[in-house]
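# generate coordinates for the sequence data below:
(2 chains)
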Protein chains: 2
Amino acid sequence: MADTLAAPHLDLASWLAERRRSHVFEVERISLPDLAGWSFDASTGNLVHDSGRFFAVEGVHVSSDYGPVPEWWQPIIRQPEFGILGILVKRVRGVIHCLLQAKPEPGNVNVLQLSPTVQATRSNYTRVHRGDGTRYLDYFVPPYRGRVLIDVLQSEQGVWFYRKRNRNMIVEVHEDVEAQEDFLWLPLEEIWHLLKVDNLVNMDARSVLSCLPLALPDWLGENEGACDDVRRTVRDSFAGAGPPRLSTERLLNWFTEVKAGYRTSVRRVPLAKVKNWHRTEYEISHEDGKFFSVLAVSVRASGREVSHWTQPLIAPRGEGVAAFVAKRIDGVLHVLAQARVEPGFVDVMELAPTVLCNPDNYHDLPRSDWPPFLAYVLAAGPERIRYSALLSEEGGRFYCAQTRYLLVEAGADEEIDVRPNYQWMTLRQLTDLLRHSHYLNVQARSLLACVSSVLV
Amino acid sequence: MADTLAAPHLDLASWLAERRRSHVFEVERISLPDLAGWSFDASTGNLVHDSGRFFAVEGVHVSSDYGPVPEWWQPIIRQPEFGILGILVKRVRGVIHCLLQAKPEPGNVNVLQLSPTVQATRSNYTRVHRGDGTRYLDYFVPPYRGRVLIDVLQSEQGVWFYRKRNRNMIVEVHEDVEAQEDFLWLPLEEIWHLLKVDNLVNMDARSVLSCLPLALPDWLGENEGACDDVRRTVRDSFAGAGPPRLSTERLLNWFTEVKAGYRTSVRRVPLAKVKNWHRTEYEISHEDGKFFSVLAVSVRASGREVSHWTQPLIAPRGEGVAAFVAKRIDGVLHVLAQARVEPGFVDVMELAPTVLCNPDNYHDLPRSDWPPFLAYVLAAGPERIRYSALLSEEGGRFYCAQTRYLLVEAGADEEIDVRPNYQWMTLRQLTDLLRHSHYLNVQARSLLACVSSVLV
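Have a look, this model is predicted:
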């Protein structure tokens, strides 16, 4: 372990290159009928696995007075089990290190990305299938080898998943834990640097990393000598220095009020009954060519184990944008969170970035019909952009799903017109809500982890 | 107001008697076909109101590996809107006072009980129906006349309601607010006394009162001169004095682990498809004569307004039991919370009292098949009972639904065998979770308010 910890950037790059060479994934699009072990259920039209395991593509009917579209149907992935996304942390000479894994996923544009120590489905971690070789699992299941600092069910993309959630866990160890093949102990500061690299730290890792400030309240460390103005402001906002615009009590009041203010109904329907979507040989897609499609891939993997399988994936249209608009209010950095309805949320609404959409869905509409702040963040000049990277959504379910994550700081004097379902919050206030389910959606969590990378 | 505040017990009794005389409710059971404005939908069999408003009786199919019954069907009330349950509080010469309302409900055994300042449905508090005369509503809707201390969506009976929740609100005012007819400002200590009286403080008021320690952290006051040993222990447990058995971080880990450990599926089905339940002229009931029935009443009310209506109500079989088993662990009072699946919960499981059931459902079964701790709390002698009262569930939806609320303290040396879905928690730990949705079920909240009454 000691050698790895001392590894400079260059070694990480060559380690990653080596991992890439050892995990060759051949991913090939195939027709839907060519899916092996998957079929469309005769009565519902749902796309299901013959074993009943993994996940299924079903349909939902949504009606809501939240957005411009009062009613729609769509395919959605249902995967009712809770998996574990866990990161093992350890302090070495006072420096926080995380054990990350170089993990290939068929949907990733570049196959291999850095993932949490453990990404396990329920069948991996319950007795039934124990011992299938999920490495480091013992740290994340009772009796827990280590101290469980965070264990919270968090949602994933509510526009593509029906009520999917995973346990986000951080476990601290004091003993030496060796980094096995494909694993690497990385100091937190190094991870921050990696968060600035396109398509490197995967969605699951970002989600768990967002909880780190809760797990280790001293994560910001002591030295701030070299801080420039932007870093200092981000740091203070995470630290809870300076008064937030709204007290937490008022924030929760606002969020409850907004949730109670809309009427949303989400009903599961058979995939065959989903209107305005059509199934061809190669995909299920919307008649407008927008939103996303369901397609199929064949995967040949050679790595630790050689294997071959086929599976459906969801392919969004175009790159997404997930952006926080930030602003200093009375000197304290706030980001503008959006209370947002997604059909797959368990509890109606969660907090999302200021902008969260796939701009390609709006290219044929006048700007007045674009989502709030989309044009604003797309037009932001480099002097306003504090963070920008193109990052992947989960490569086990999504095909080449990339999102441009942005932190755009508005001028402190800029007038920003805010609708009732948007609210200014400090980074500390957002982080504190992560201790509980149903507050921050996966892109907000992702972006919060990204924002922490501004500190280096 | 000053006069009312000074009112001793006797005046309260006569005030209540006077209110009872002024609210005459004639509640009469009628046949289901005699419901006016309600009908069974031709295609689904659901019992719905012609306007589409109020609520509907539908069905659910439940499968779960949580309890002894792996699969069942049942009728359930669906009422998707969020209402407001709000209590106005004010300090008078340092003493916390709450504005309660004497409110009649058709299902109450004694018609009139003390309810929150405001019990309003969404149509009451949104613009559409504003000005329908819900008194004090202005304090609970934007821009809020007063300081909103608590505003949190909390669940109601998940065995009878499908995902029903209401906003639980506490708003503090500093100005003088006059108690109108049917309303009374009561000092907190007086309310504690009233919580010991059978069927007096209604379910909604108890639910909101459970949040009071969060709203006003100094609620315990200063003087503890007269405290006996039991009171002191309850007080210290609420105050967070002394170490809890598990840290909050470990508690949340336990709760997440338990939630992830069961597989529960709840599917809405048409009432006509609910198996093992039958509809007669007068009720919908289970073929075993257990659980509950759906029946109909006609209500003639003469009070502030004279009116007449008919409505369905749910009538549980027999009295319920909701009991916390408590125990001093290292000198600190802990109660044993049960992580419990109810089909109507939004998020799988919530924390419930140690025992929560209707014993009549088990009278024909051997004791070994009774729910854990039921026999234990029913056999508890007076030397172990710290609180006991017969209280009503919500009289607007439930017909004569009474529950025996109990706090039973086990001996500090008593060995108590605890299953994995039970956990010892301090009163402070339970209270802290009330700030967020999806933690404490309505009976746990109710009982927590009752336990605070032990302080006087």
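# for the stretch 301-450 of chain A, just list every one of the helices.
When assigned using DSSP state H, counting those that start in this stretch, the helices of the stretch 301-450 of chain A occupy the ranges A:374-378, A:427-433, A:442-452.
# wait, the stretch 1-150 of chain A
In the stretch 1-150 of chain A, the helices defined using DSSP H, counting those that start in this stretch lie at A:2-5, A:9-22, A:122-125.
# tell me which of the helices of the stretch 301-450 of chain A is the most buried.
Between these, helix A:442-452 has the highest mean count of neighbours, a mean of 26, where neighbours are mean count of other C-beta atoms under 10 Å in any protein chain shown. All C-beta atoms are positioned from the backbone trio N, CA, C, and that covers glycine.
# what sits up against it?
A:154-157, A:192, A:195, A:201, A:203, A:206-207, A:209-213, A:234, A:238, A:322-324, A:335, A:337, A:350-353, A:356, A:386-387, A:389, A:391, A:403, A:405, A:407, A:427, A:430-431, A:434, A:440 (C-beta atoms under 8 Å, 6 or more residues apart in numbering or on different chains).
# ok, which of those residues also contact chain B?
Taking C-beta under 8 Å from any C-beta of the partner chain, there is no overlap between the contacts of helix A:442-452 and the neighbourhood of chain B.
# chain B contacts on chain A?
Checking chain A against chain B by C-beta under 8 Å from any C-beta, the hits are A:80-82, A:122, A:126, A:142, A:148-153, A:167, A:249-250, A:252-253, A:256-257, A:259-261, A:263, A:265, A:267-268, A:346-347, A:435-438.
# quick one, which of these are buried?
The neighbour-count test (16 or more other C-beta atoms under 10 Å in any protein chain shown) marks A:81-82, A:122, A:148-153, A:167, A:249-250, A:252-253, A:256-257, A:259-261, A:268, A:346-347, A:435-438 as buried among the residues of chain A next to chain B.
# so where's chain A uncertain?
Within chain A, the set of residues satisfying pLDDT under 70 comprises A:1-10, A:123-132, A:222-226, A:304-306.
# contacting residues around the helix or strand hosting residue A:171?
When secondary structure is defined using DSSP states H and E, the element that contains residue A:171 is strand A:165-172. By C-beta under 8 Å, 6+ apart, the residues outside strand A:165-172 that reach it are A:82-91, A:118, A:139-140, A:144, A:146-156, A:204, A:207-208, A:211-212, A:215-216, A:346, A:437, B:256, B:260.
# so which of these are in strands?
A:83-91, A:118, A:147-155 (DSSP state E).
# where along the stretch 251-400 of chain A do the strands fall?
Along the stretch 251-400 of chain A, the segments classed as strands by DSSP state E, counting those that start in this stretch run A:264-269, A:277-279, A:284-286, A:292-302, A:306-316, A:320-329, A:332-341, A:349-352, A:355-357, A:385-392.
# may I have the beta-bridge partners of the residue nearest to residue A:144 when sequence neighbours are not counted?
By the measure of C-beta to C-beta, 6 or more residues apart in numbering or on different chains, the closest residue to residue A:144 outside its immediate chain neighbours is residue A:171, 6.7 Å from it. The partner list for residue A:171 in beta bridges (DSSP bridges) reads residue A:88, residue A:148.
# from residue A:88, how far off is residue A:171?
Residue A:171 sits 6 Å away from residue A:88 when distances are taken as C-beta to C-beta, to the nearest Å.
# name the residues contacting each of those two.
Joint contacts of residue A:171 and residue A:88 (C-beta under 8 Å, 6+ apart) are A:139, A:146.
# contacts only, for the spatially closest residue to residue A:376 that is not a sequence neighbour.
Counting by C-beta to C-beta, 6+ apart, residue A:325 is the residue found nearest to residue A:376 once chain neighbours are left out, at 6.9 Å. For residue A:325, the contacting residues are A:335, A:336, A:354, A:355, A:373, A:376, A:377, A:408, A:409, A:410, A:416, taking C-beta under 8 Å, 6+ apart as the criterion.
# show me which of those are buried.
Using 16+ other C-beta under 10 Å, the buried members of the contacts of residue A:325 are A:335, A:336, A:354, A:355, A:373, A:376, A:377, A:408, A:409, A:410.
# let me know the closest of those to chain B.
The shortest separation between chain B and any of the buried ones among the contacts of residue A:325 is 19.2 Å, and it belongs to residue A:336 (by C-beta to the nearest C-beta).
# quick one: contacts for the closest one?
For residue A:336, the set of contacting residues under the criterion of C-beta under 8 Å, 6+ apart consists of A:324, A:325, A:326, A:327, A:354, A:373, A:416, A:418, A:422, A:423, A:424, A:425.
# over to residue A:87?
Residues in contact with residue A:87, defined by C-beta under 8 Å, 6+ apart, are A:98, A:99, A:100, A:116, A:117, A:169, A:170, A:171, A:205, A:208, A:209, A:212.
# and if you look at residue A:370?
Contact partners of residue A:370, counting by C-beta under 8 Å, 6+ apart, are residue A:362.
# could you do residue A:207 as well?
Contact partners of residue A:207, counting by C-beta under 8 Å, 6+ apart, are A:85, A:154, A:166, A:168, A:442, A:445, A:446, A:449.
# repeat the analysis, applying 10 Å as the threshold.
A:85, A:87, A:116, A:154-156, A:166, A:168, A:394, A:434, A:440, A:442-446, A:448-449 (C-beta atoms under 10 Å, 6 or more residues apart in numbering or on different chains).
# ok, back up a step: dump the contacts of residue A:336 to a markdown table, plus distance to residue B:302.
Below are the contacts of residue A:336 laid out as a markdown table (distance: C-beta to C-beta, whole Å):
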| residue | distance to residue B:302 |
| --- | --- |
| A:324 | 57 |
| A:325 | 57 |
| A:326 | 59 |
| A:327 | 57 |
| A:354 | 54 |
| A:373 | 55 |
| A:416 | 55 |
| A:418 | 49 |
| A:422 | 48 |
| A:423 | 46 |
| A:424 | 51 |
| A:425 | 50 |
